[in-house]
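Peer 1: give me the fold of what follows.
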Amino acid sequence: MTKKLPPIIIILLVIIYVISIGLVIALEGGFSPLSILSIIVTSIIVGALVATLINRIKEIHEEDDEDLKKY
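Peer 2: From the prediction side, this is the model:
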């Protein structure tokens with residue numbers, strides 16, 4: 001679990017940062033194409049970050065299994 005905690009914390013902080021920037025851009029523009037585009041781009045970035053986090057947790061889990069097979 002201790003190996004999984006740093007990636008989770010880092011990804012969550014980056015997600016919060018990206019969402020806050022996306023919201024600022026979206027709220028500044030009102031209902032304009034820029035605000036819609038910022039929401040779409042923010043959603044894509046957050047989805048990519050979540051997918052990266054899931055892959056990293058799987059890699060860490062597989063590393064633990066491989067380490068246990070050595071002994």
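Peer 1: what's the longest helix in the chain?
Peer 2: helix 33-70 (DSSP state H).
Peer 1: dump the residue contacts of the residue nearest the centre of the chain.
Peer 2: By Cα atoms, centre = their mean, the chain has its centre lying nearest to residue 49, at 2.7 Å. Residue 49 makes contact with 11, 14, 15, 18, according to Cβ atoms under 8 Å, 6 or more residues apart in numbering. (Glycine included, C-beta is placed from N, CA and C.)
Peer 1: buried ones in the longest helix of the chain?
Peer 2: Within helix 33-70, the residues scored as buried using 16 or more other Cβ atoms under 10 Å are 35, 38, 42, 45, 46, 49, 53, 56.
Peer 1: show me which of these is closest to residue 25.
Peer 2: Comparing the buried residues of helix 33-70 against residue 25 with Cβ to Cβ places residue 38 closest, at 4.0 Å.
Peer 1: what subset of the contacts of residue 49 is buried?
Peer 2: 11, 15, 18.
Peer 1: the second one against residue 46, yeah?
Peer 2: Yes. Counting by Cβ atoms under 8 Å, a contact exists between residue 15 and residue 46, whose distance comes to 5.6 Å.
Peer 1: shaky segments in the chain?
Peer 2: Applying pLDDT under 70 to the chain flags residues 1, 64-71.
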